[in-house]
Every structure is written in C-alpha cells, then in structure tokens.
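A.B. asks: dropping the sequence and predicted coords here.
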Amino acid sequence: MQEGKISKRRRMYEALMKAAMWISVACTCALVAFLILYVLVKGLPHISWSFLSGKPSYLSGNIGILPDILNTVYIVLAALLVVLPLGVGAAIYLTEYAGNKQVVGVIEYAAETLSGIPSIIYGLVGMLFFCQFLNMKTSLLAGALTLVIMNLPTVMRTTQESLKTVPWSYREGAFGLGAGKWRMIRTVVLPGCVDGVITGCILSVGRILGESAALLFTAGFAHALHGIVNGLSSSGATLTVALYVYAKEQGEFEVAFAIAAILMVLTLVINLSAVWVGRVFEKRRRI
Amino acid sequence: MKNKKIFENVVHGVFLILGLITVGCVLLITVYLFAAGIPAIREIGLFPFLFGKTWESTSADPSYGILPFILTSIYGTAGAMILGVPIGFLTAVYLSKLAPKRVKAAVGAAVSLLAGIPSVVYGLVGMLVLVPGIRKLFHLADGASLLAAIIVLAVMVLPSIIKVSITALDAVPEEYEYASLALGATPIETYFKVSVPAAKSGIAAAVVLGIGRAIGEAMAVMMVSGNVANMPGLFESVRFLTTAVASEMSYSSGLQRQALFSIALVLFLFIMLINGVLNLLLKGKKEA
C-alpha cells in the first residue's frame, strides 16, 4: 500500500542506493575472502617442519625462518615489557591523579599525535635516537624501543577505557576505609583495569607483528640465530621484515608466501582473541 | 603520617612522569626531525628542494627536487580516496543501519581482520597479482605503477573508513530517524538524507584518518609502485614521499642522507596538518 504512493523517482533512488550498498559490501567481503584464501593457498604448502625450525644457509641453499620467528618473539617481549608499565602508568595518571585539565589535554593530544605518525618516521627517529645517539647500533633492542613509542598510545587508551568502567564508589569506599591514594590504586584501580591491559597487549602484539617500516632501519635484517640476551643486542629481522627481504630483494616468493600465511594465521588468532577477551570481561562485569 | 604524605607525593610524581612520557616522545620526534631535516633544505634551498622536478641523488652533479614525490603522494592518496571512500562509506551505512546483527558482526570481524593484515602482505599480494594484472590489461612493459599503488592503498584504508564511519552512524539518535520515517520518508531515504548528514563530521573524520594512513604507508607501496623518481602518471613507475626515504636510506651518505631526512620532515608536516584537521573535526563533533 505504501509502495503505491511513492513516486517513480523515489523508488529509483531507493533501488539505486540499495544496489550500491550491496555492491560495496560484496566488494569488501570478496576482498577479505580473496586475500585470506590466496595467501593461505599459496603459502601453506611451503610450510614444513624444517622450514620452521631451520636457519638460512647459503651453503646448502636451505631457507629456514627459525631466527626470524625468535627475533619476532624477542622484540614482542621486550617491547611489551617496557610499554606496559609506561602506558598503564600514563593512563592511571590521567584518570586518577591529573587535576589540571590542560595537562590532560596536552597528554591526550600528544597520544593522538603519536598514533597518527607513520611508521617510517618512527623508524627514522628510532635510528637517529636509539641507534646513533644512544649508540645501540642496529639491534633488536633499538627496534623494540622504537615500537614502544609507537604502541604507547594504544596501551594508554585501552587502559583508560577500562579504568573509566571502575565505579567511583569503589574508590570512595577504599578511601572511606582509610586507604591512602596509592593503596587505593593498587587494590581497587589496578585489578579493575586488567581487561584494558590485556586488550592493549593483544593490539600491540598485532601491531608489532605487522610492523616493518619502523624496524628496517632500527632492527635491521640479519637472519642469525641468537639467544634472547645476544639477540636483543644484535641486528635481526622479524617475520614481516624477512618477508619483505625475501620478496623484494631476493625474489624468493615461495618463502615470502609461507611467511605471509603464518602472519595471516597469527593475525586471525590475534583478532579472535581480542574479541574473545572483550566478551569474557563483558560477561564478568555484568555479574 | 608525614612519611606517608611524602610517599604519596613521590607516587604522584612517578605517575606524572609516566604521563608526560608521551609528550616527551612527541617532542623528541619533532625536535629530531627538524634538527635532521633543516640542514639539507638550507643547503639546497627551500624552493629548489620543494619544487625541483628532478631527483638524482646519486649522479655526479646531484639534484634534489622532491616535487615528484610530493605530487605522487598527493595523487596516490587522492586516487585511493576516490576508490576507497565510496565503497567504505556505503559498506558502513549498510552495516550500521540495514545489516542484521549477525551479518554486522561477521562483516565487522572481516573488516578488523583487513585492518590487522601486515602491510607487507598487501605488498606481496599486490606484487604478484595486481602488478602482472595491470601489465597484461594495459599492455605495459611493467605493471608496477601509480595505479597499482592506488589500488593497494584503497584496500588498506578501507578498514579505517568503515570502522570510524560506523561509529559515527551508530551514534545518530534514533529519534531523528523515527521523525523522518514518520514524515513519510522511506528507510533508505532516511539513512542517506537524515542519518548521514547527522553523522557527517564523524564520516569526514573517517576520511581524514584514511588520508593519514594512505600518505604514511611505506612498505606496501614500495613493493608495487616501481620506485623510480618520475613525475606521477597513472601508469608511470613512481616514488612516494615515504618510499623515497625508505629506498635510499640504507646506502645514503652526506647531503643525500640529509636530504632524505628533509623528505621525512616534509612528510611529518603533511601528517601534522592532517592530524590538525582530524582534531578539529572530532572536536566539532563533541561540541555539537
């Protein structure tokens, strides 16, 4: 009945817009599906145990990515170890201590600025500051510290979000029972921001895994096998950097696709775990 | 009692320092980029540097003009926006207003995945699918071109555009839509003529965020754009501001190296400009 009253032009508009939306959504979905399938189909067949557990050797022409995997693990651990206290501390300052609105404004503006800066610029400044000025040379540690600056806003924001959900009455209750400010933070606020910290961790790990431009000049692209202590002080490629080097400089596309498939699976896992963590804490909060 | 007060003050101070670290980082980056970028611009001259059309950093008589890089970055970003914004915007409207809950969750997860895929993977797929495809389709000698970079960038900015637009569209008060429906507008008309205008500053912020992403992307673009310092053309092998820095840094020295820092400074200024616009848009939304 309603249909009959609408003019032809309006019906045309309706149909056109609907079609445009359908096409856009189909494009987006097709793109995601194609990317996942293409990378997995091209990459998974080349993954074998010797590929995962070996190291590259020019003598035997063997290519293994164990050093790159270890480098990635080292850099993730080192970066998280530094960025967590810094980010959580900054978030606590902003929500619990800062009385001055201007200070809060400046810090938040700085965080927004940091999250907008492209990774290649982080790479350059990291190279100038950590590698040259602090004399760390091209090393995983320099790379990790560069990534710390990059991920600081992420950890800060997720922690801040979760701190906002801790009810003020809890804090007042702690004060009322005679707790000092630090004790209140330690016993009431910190446990309340666990979910934000975990989410921040997951997002940071995802970002570190995917990062390449910032690491190229700070962490370098060596493939040597090291323990964690030696590893941090020497140059090394993470998985993404290794992918770039194999694809662009050496033309080893099979290796590149195998690494891409691994990265794709890791990205999937990280995304799913972020969703899962969110859901678990949501449920817990409701109880 | 006094000890406790001192202790609390110390804790306060520690947190203050932690809070100010972000500010310190921004200052550090700014200071370093200016300190490293200014000398070469001084030596080359601001005008020849920004508007010189040839970049021959390794020749005997080197010339350092970065106009090709600037234009390539602008054209590349604009092209990515022309492709990416309509698709992203329409997808966002569908997901926010029309999609059933399950579809919204599923497509939303797919979009998040798209955001999480490392840029080198985009570069790799672009290198092996897009570049040969463009070469065959347009009968070129080499498919690594501005067009390939534009397509890769358009895909890479999709998630930012979709996600931020959805947030903006979701925040439109339902009353607006009910009012429009009650006046006889169809749902589709309501979404595009009431909801979208109401969310326009958020959607604009999404576009600006996408521009920032596109102009700052280095690795994926490096793998598909051919990396030759030509003036931009759709089928020309080109070099962006980001890739100009990345491609020569490892073997550069002297004035060439300093000029690379100057390019980074120009890129940084572009980004700060974009950030400023983004902040204005977001602030405008908060006040409204």
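C.D. replies: Here it is on my side, so go on. Numbering: from 1, shown residues only, chains lettered A, B, ... in the order given.
A.B. asks: can you tell me the closest non-neighbouring residue to residue 181?
C.D. replies: This is for chain A. Nearest residue to A:Lys181 in three dimensions, chain neighbours excluded: B:Glu8, at 5.5 Å (CB to CB, 6 or more residues apart in numbering or on different chains). All C-beta atoms are positioned from the backbone trio N, CA, C, and that covers glycine.
A.B. asks: wait, chain B
C.D. replies: Per CB to CB, 6+ apart, closest to B:Leu181 is B:Thr190, 5.6 Å.
A.B. asks: can you say which helix or strand has the one you found in it?
C.D. replies: For B:Thr190, the host element (DSSP states H and E) is helix B:187-190.
A.B. asks: in that helix, what's buried?
C.D. replies: B:188-190 (16 or more other CB atoms under 10 Å in any protein chain shown).
A.B. asks: returning to that earlier point: where's the residue nearest to A:Lys181, which helix or strand?
C.D. replies: Short version, using DSSP H and E: B:Glu8 is in helix B:2-44.
A.B. asks: helices or strands up against the helix or strand just after that helix?
C.D. replies: Proceeding N to C from helix B:2-44, the next assigned helix or strand is helix B:46-51, under DSSP H and E. Under the contact criterion of 3 or more CB pairs under 8 Å, 6 or more residues apart in numbering or on different chains; DSSP states H and E, helix B:46-51 touches strand B:63-64, helix B:67-93, helix B:254-287.
A.B. asks: now helix B:46-51: average pLDDT?
C.D. replies: Across helix B:46-51, pLDDT averages out at 87.
A.B. asks: cool, stretch A:232-246 as well?
C.D. replies: What stretch A:232-246 shows for mean pLDDT is 87.
A.B. asks: run the angle between the helix holding B:Glu8 and helix B:254-287 for me.
C.D. replies: Put simply, helix B:2-44 runs at 130 degrees to helix B:254-287, going by axes from the mean of the first three to the mean of the last three CA atoms, to 10 degrees.
A.B. asks: which one of the helices and strands packed on helix B:46-51 lies nearest to chain A?
C.D. replies: Among the helices and strands packed on helix B:46-51, the nearest to chain A by CB to the nearest CB is helix B:67-93 (3.7 Å).
A.B. asks: is chain A contacted by that closest one?
C.D. replies: Yes - Helix B:67-93 reaches chain A (CB under 8 Å from any CB of the partner chain) through B:86-91, B:93.
A.B. asks: so which of the residues you listed wins on neighbours?
C.D. replies: Greatest neighbour count in the residues of helix B:67-93 next to chain A, by other CB atoms under 10 Å in any protein chain shown, goes to B:Gly88: 30 neighbours.
A.B. asks: and the pLDDT for it?
C.D. replies: B:Gly88 is assigned a predicted lDDT (pLDDT) of 95.
A.B. asks: once you drop chain neighbours, what's closest to it?
C.D. replies: Spatial nearest neighbour of B:Gly88, chain neighbours left out: B:Ile161 (3.3 Å); criterion: CB to CB, 6+ apart.
A.B. asks: now do the contacts for the residue of the stretch 51-200 of chain A found nearest chain B.
C.D. replies: At 2.5 Å from chain B, A:Pro118 is the closest residue in the stretch 51-200 of chain A, using CB to the nearest CB. Residues counted as contacts of A:Pro118 (CB atoms under 8 Å, 6 or more residues apart in numbering or on different chains) are A:213, B:212, B:215-218, B:242, B:267, B:271.
A.B. asks: phi, psi of the residue nearest to B:Ser96 when sequence neighbours are not counted?
C.D. replies: Leaving aside its sequence neighbours, B:Ser96 sits nearest to B:Leu169 (CB to CB, 6+ apart; 3.8 Å). Backbone torsions of B:Leu169, given as degrees, to the nearest 10, read phi -70, psi -40.
A.B. asks: what residues are up against B:Tyr178?
C.D. replies: Under the criterion of CB under 8 Å, 6+ apart, B:Tyr178 has no contact partners.
A.B. asks: actually A:Ser7, sorry about that
C.D. replies: Taking CB under 8 Å, 6+ apart, we find A:Ser7 in contact with no residue.
A.B. asks: recalculate using a threshold of 10 Å.
C.D. replies: A:Tyr13 (CB atoms under 10 Å, 6 or more residues apart in numbering or on different chains).
A.B. asks: quick one: pLDDT of it?
C.D. replies: Confidence score, pLDDT, at A:Ser7: 86.
A.B. asks: do you know how far it is from chain B?
C.D. replies: 11 Å (CB to the nearest CB, to the nearest Å).
A.B. asks: which pLDDT does the model give the one residue sitting closest to the centre of chain B?
C.D. replies: In chain B, the centroid-proximal residue (CA atoms, centre = their mean) is B:Arg213; its distance is 1.6 Å. The confidence metric pLDDT takes the value 91 at B:Arg213.
A.B. asks: then B:Phe7?
C.D. replies: B:Phe7 is assigned 87 on the pLDDT scale.
A.B. asks: do the same with the one 3 residues further on
C.D. replies: Confidence at B:Val10, expressed as pLDDT, is 90.
A.B. asks: who touches it in this structure?
C.D. replies: B:Val10 makes contact with A:Trp182 under the criterion CB under 10 Å, 6+ apart.
A.B. asks: how close does it sit to A:Gly200?
C.D. replies: Per CB to CB, to the nearest Å, B:Val10 is found 26 Å from A:Gly200.
A.B. asks: likewise A:Glu282?
C.D. replies: For A:Glu282, the distance to A:Gly200 - CB to CB - is 16 Å.
A.B. asks: neighbour count winner among the two?
C.D. replies: A direct count of neighbours by other CB under 10 Å for A:Glu282 and A:Gly200 places A:Gly200 higher, at 29 against 10.
A.B. asks: what about the more buried one, which helix or strand?
C.D. replies: If you go by DSSP H and E, A:Gly200 is part of helix A:194-210.
A.B. asks: does that helix come close to chain B?
C.D. replies: Yes - residues of helix A:194-210 contacting chain B under CB under 10 Å from any CB of the partner chain: A:203, A:206-207, A:209-210.
A.B. asks: are we agreed that B:Met222 is in a strand?
C.D. replies: No - the assignment for B:Met222, made by DSSP: H, G, I helix; E, B strand; the rest coil, is helix rather than a strand.
A.B. asks: which ones are touching it?
C.D. replies: Here B:Met222 is in contact with A:120, A:212-213, A:216, A:244, A:248, B:119-120, B:123, B:149, B:239-240, B:242-244, B:246-247 (CB under 10 Å, 6+ apart).
A.B. asks: so which of those belong to strands?
C.D. replies: Counting by DSSP state E, no part of these is found in strands.
A.B. asks: any low-confidence regions in chain A?
C.D. replies: Across chain A, the ranges flagged by pLDDT under 70 are A:1-4, A:58-61, A:286-287.
A.B. asks: apply 80 and report the result again.
C.D. replies: Residues of chain A meeting the criterion pLDDT under 80: A:1-6, A:54-63, A:99, A:222-232, A:282-287.
A.B. asks: domain assignment for it?
C.D. replies: A:2-46, A:51-286 (automatic domain parsing).
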